[in-house]
Every structure is written in C-alpha cells, then in structure tokens.
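In: No sequence on hand, only this structure:
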C-alpha cells in the first residue's frame, strides 16, 4: 500500500493551529487534503508536556476571539461550526497591573473596566469608556470588512471611526483623549501581545486587541492548548484529511509559476493542485522553492523589508504549594518598572535584565491544572528576535540560566516569597527552544511586526501583489492577522479561503 496518494487537492505544510484550521475548512468543503507535520504530535506551540508526572501548558496564556456560548466570536464560532468541541474556561479577570504606584486588578466588560480604572484614577471614567467604545466600534468594522469588503466611499459612510483612525498610531489617538498618565498606564499592558510600542502600533490593531479581550474576556481550554490541536486533528481526520507526522517538508515544487507539490526530507515527492505553507516566507523564499529560480526578486525584497516581531523567554515553574499559600492572587499579572510601551519595546531588544514581565497562574482559572497542594506559575518576557541571535552555542546555557534566575528573583521579590524554595519542576523556554521545536524563523512567535507601514490594513491592500507564486498560500502568525493563537486560526482560514476562491475562479 502506498504511503501517499498519487494526487491531492491541497497539501498543508505544518499541523499547528493555522495548518489544521486550513485543513478543516477545506475538508468541510469536500477537498482532498494532506497535512505534513514535522513532529510526532500536532499543535506547534499549542501543546503541553509532562515533567515529574505533571502535565504542563507550554505556551498559552489566554485565547482571544472565543466568546461565551451565547455570543461566540469568530474563532469560537469556527470551532463550533467545524465540530471541534473544546472545553473552554473563561479567565476570571482581564489582568492585574503591577506598576510603581499602581496595583489594580481589572475585569472584562467595557463599563466594568472603565469603572475600575476610575476607582484607581478618579475622574477618568467617561474618557476611558470613550476610548473603549471607540475600540469596540473599530473592532466591529474590522470584523465586517473582513467578510464584506467595501469601496472607500462605502467604508466612510458605514465605518467612519475605522476610516478616520486607520492612518494613526495608538499613541496619536490616545493623546487626543487627554487622559492622565496613570490611566494610560492601565490601558497599556496588553501591548505586549502585539509587540510594538504605541508610537508605531496602529490604532486599528490596538482597537481589535482591547475590544476583544476587554469586551468579551479571554478563555483557556480545560486540558491546555493541546486540547485544541488534538481535537482539531481528530476532527480533520474524521472529515477525511490525511495527517502524516514526522514528515519534514524540504522543498516546495514549482513549475510555470505555480506550486504543484512538495518533496519531503526522506525524498518522497507528493503532488497537489495547491500548497499551503505554515513555514515563514523568509524560509520558503530563501531555501524551500525548487527550482530556486522560480522565486521572484520581489519576494526576497518583501521578506527583507519586513521586521520580525517578538520571540519568547519563559520560565515555567511547578511549585510545592497552592497559589493561595504562596500569595499569588491573580491569574494574569503584567509587571513593569514602567508602562511606557516605547521604553519597554527598546528594553526587549537585548538579553536583559528584563523588567516588563507577564506572569500566569493557570490554577486561578483552572483549579485542576496541577495536583492539589501545588500550582503552575509561568514568568514570561517577550524579547525582540535580534538580541538572541547574538548568543553563541558556547554561551547559550549560561545566558539561559542567568536570564531565568533574573526573572525568578524579580518575581520572588514582588511576591515576597523565594520561589526557588518551592520548585518541584522548572522548565526554561528560550527563543532557541521555539526555533528548534517549531521551525519558526529565528524563534519568532509573533510574525512580522505591526507598524504604521505594515499592518493588517496595509497587508490587505498589498496581498494580491505579494502573491508571488501561483497556487502557493501561507498560513501562520506571519500572515495578515498577525500574532497569537487566535489570529493563527484566522490566518489558516484565510489561506483556505484563498485556495477555494482560486479554485472557483479557475473552474469558470
């Protein structure tokens, strides 16, 4: 029996959330799909691992675009529509902001959030609510326009707020509200989830982030992020998708300007009408296209012209006491010496010490995340890619442990507990870990940086011009919607839609 069929409609490179989302959508439309995954499990960084007999979440802090059962957002609705039954747990808060002079826990709900900011910074309720309402209006416009594109005059008539703010940075728009600095500090912590300081971050991106998280709350799967990927893979196979693990794709085959298949590292050539790649364009255009002469010069210019966003450094601890016993009171804490996002962004370009940190205690959303009497506590910073590229193989182990110790000591001082006295298990994840495990270009988990020159609005306008090789689509954090697990699902769906649209067009 042959390992592969003679031909497929679509080959998907990568069985992480984006690739599986594309496969689900295509299979739901009756297409014959092959997924090739380099590892022995699906999910990429949406996974978990076991240490000391305890299952540990590898990456997910919180999932956006899910929504409650009675008002699903786009990612949650997609899972429901595809028959992927994830046991979602709603996170109890938005975040706790720990800034010099401010210790505030904020909760989802636009009015609730505004009132809690006002309680900490009196007299700001109306202005904060106005910011959040503007974000929500832009968010609604982005969701509608992603499904129903319009001409510019139509957009101006129906989506005035979106059009008027699309050309401005977050800092430029927020400055118009005249909020005191402490209120702005409380509106700032989520910036790290898109990874660009407010001077460069488009207000459109900030709006989507805030409206989604603050308006609807965030969620985690009860059985960790691997529950998502395992159930997606299971459902995809039920729909007829062939998923093959431990299959590393070495080349994407191109003829007459169109992709027509792939070659695996073991030498198998597999053919299809379309290829969807979760590998970064940086990798694809520089070393995966065969023949190399099929790569247009503009493709190389495109990847050279885009700036990679953030990678991850995380220390995940299993502690020998409960969160309550250790004085850990909040699920999500953003801790920083400052909430000046532009200063924080500059600090993240090096190897530390890092002072903008996000900490997660999964037990405070999911009490069963670890055995009774223990808790999971992750300390994470999201450095820029450039700094970690300078670490040599000889220095790697030393640098890794120095940074991990700095982060543990930093949060021990904040909590008033020496965390090192309570460690049952400690796992250190570095940019190199991410690059090695997932193949993400330079360990970059957030794709290309959202800037005023390059973000979702600009990318939508240039998408057709950047379609350099026919029948080749891309999915993953590096695509239009950008970073995070929720956007990865959206990017996978977008790649599938592009394939389906092209199929329909070429069938006419």
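Out: Done, it's in. Owing to the predicted nature of the structure, the values given are computational and were not obtained by experimental measurement.
In: Assign the closest residue to residue 403 other than its chain neighbours to helix, strand or coil.
Out: The shortest distance from residue 403 to any non-neighbouring residue, by C-beta to C-beta, 6 or more residues apart in numbering, is to residue 352 (5.0 Å). Backbone N, C-alpha and C define where each C-beta goes, glycine included. In three-state terms, and counting by DSSP: H, G, I helix; E, B strand; the rest coil, residue 352 is coil.
In: lowest confidence element among the helices and strands of this protein?
Out: Least confident element among the helices and strands of the chain, by mean pLDDT, DSSP states H and E: helix 152-158 (a mean of 69).
In: where in the stretch 301-450 of the chain is pLDDT low?
Out: Applying pLDDT under 70 to the stretch 301-450 of the chain flags no residue at all.
In: residue ranges of the strands in it, please?
Out: Secondary structure of the stretch 301-450 of the chain, counting by DSSP state E, counting those that start in this stretch: strands at 313-319, 332-336, 356-360, 375-381, 423-429.
In: Of all these, which one is nearest residue 120?
Out: When the strands of the stretch 301-450 of the chain are compared by C-beta to C-beta, strand 332-336 sits nearest residue 120, at 14.3 Å.
In: Summarise which helices and strands that closest one is packed against.
Out: For strand 332-336, the elements it packs on are strand 95-99, strand 356-360, helix 393-415, judged by 3 or more C-beta pairs under 8 Å, 6 or more residues apart in numbering; DSSP states H and E.
In: tilt between the longest one and strand 356-360?
Out: What separates the directions of helix 393-415 and strand 356-360 is an angle of 70 degrees, with axes from the mean of the first three to the mean of the last three C-alpha atoms, to 10 degrees.
In: outside of helix 393-415, which residues touch it?
Out: 98, 313, 315, 317, 326-328, 335, 351-355, 357, 359, 379, 381, 391, 418-420, 426, 428, 430, 432 (C-beta atoms under 8 Å, 6 or more residues apart in numbering).
In: For residue 293, grab the count of nearby residues.
Out: For residue 293, the neighbour count with other C-beta atoms under 10 Å is 8.
In: again, but for the one 3 residues further on
Out: Using other C-beta under 10 Å, residue 296 is surrounded by 14 other residues.
In: got the contact list for it?
Out: 468-469.
In: swap in the one 10 residues further on?
Out: Residues counted as contacts of residue 306 (C-beta under 8 Å, 6+ apart) are 448-449, 454.
In: Need the winner for burial among the helices and strands packed on strand 332-336.
Out: Mean neighbour count (mean count of other C-beta atoms under 10 Å) peaks for strand 356-360 among the helices and strands packed on strand 332-336, with a mean of 23.
In: Mind giving me the packing neighbours of it?
Out: Applying 3+ C-beta pairs under 8 Å, 6+ apart, one finds that strand 356-360 contacts strand 332-336, strand 375-381, helix 393-415.
In: can you put the ones you listed in CSV and add distance to residue 42?
Out: Converted to CSV, these look like this (distance: least, C-beta to C-beta, whole Å):
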stretch, distance to residue 42
strand 332-336, 26
strand 375-381, 22
helix 393-415, 27
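In: any idea how far the residue nearest to residue 403 lies from residue 404?
Out: Distance, residue 352 to residue 404, by C-beta to C-beta, to the nearest Å: 10 Å.
In: do residue 202 as well
Out: Taking C-beta to C-beta as the measure, residue 202 falls 34 Å from residue 404.
In: and of the contacts of residue 306, the nearest to residue 472?
Out: residue 448 (17.8 Å).
In: Now the closest one. Nearest residue, chain neighbours left out?
Out: Among residues not flanking residue 448 along the chain, residue 306 sits closest, at 4.3 Å (C-beta to C-beta, 6+ apart).
In: List phi and psi for that neighbour.
Out: Taking degrees, to the nearest 10, you get phi -100, psi 140 for the backbone angles of residue 306.
In: going forward can the numbers begin at 721, since that is how I track them
Out: Shifting the count to begin at 721 puts that one at residue 1026.
In: about what we covered before: distance to residue 968 added to the helices and strands packed on strand 1052-1056, as TSV?
Out: Shown next, in TSV, are the helices and strands packed on strand 1052-1056 (distance: least, C-beta to C-beta, whole Å):
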stretch	distance to residue 968
strand 815-819	38
strand 1076-1080	32
helix 1113-1135	22
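In: Quick one: closest of those to residue 981.
Out: Using C-beta to C-beta, the helices and strands packed on strand 1052-1056 put helix 1113-1135 closest to residue 981, at 35.5 Å.
In: what angle do the closest one and strand 815-819 make?
Out: Going by the same axes, to 10 degrees, helix 1113-1135 makes 90 degrees with strand 815-819.
In: Tell me what angle helix 1113-1135 forms with strand 1095-1101.
Out: Interaxial angle, helix 1113-1135 versus strand 1095-1101 (the same axes, to 10 degrees): 120 degrees.
In: Can you show me the strands along the stretch 721-870 of the chain?
Out: 728-733, 753-756, 768-771, 774-777, 808-810, 815-819, 822-826.
In: Residue 933 is nearest to which of those?
Out: Nearest to residue 933, of these and by C-beta to C-beta, is strand 815-819 at 8.7 Å.
In: What mean pLDDT does that closest one get?
Out: Averaging pLDDT along strand 815-819 gives 95.
In: longest strand in the chain, by residue count?
Out: For the chain, the strand that runs over the most residues, judged by DSSP state E, is strand 989-997.
In: Show the secondary-structure elements that that strand is packed against.
Out: Checking 3+ C-beta pairs under 8 Å, 6+ apart, strand 989-997 ends up next to strand 728-733, strand 753-756, strand 969-975, strand 978-984, strand 1192-1194, helix 1205-1227.
In: Show me the contact partners of that strand.
Out: The contact list for strand 989-997 (C-beta under 8 Å, 6+ apart) reads 724, 726-734, 739, 742, 754, 756, 972-973, 979-984, 1004, 1008, 1191-1195, 1212, 1215-1216, 1219, 1222-1223.
In: Check which residues of it are buried.
Out: 990-997 (16 or more other C-beta atoms under 10 Å).
In: Kindly report the same for stretch 971-978.
Out: 971-974.
In: repeat for stretch 797-814
Out: 798-799, 802, 804, 806, 808-809, 811, 813-814.
In: now, which of those residues lie within helices?
Out: Judged by DSSP state H, helices contain the following of those: 798-799, 802.
In: quick check, nearest of the buried residues of strand 989-997 to residue 791?
Out: Nearest to residue 791 out of the buried residues of strand 989-997 is residue 996 (C-beta to C-beta; 30.5 Å).
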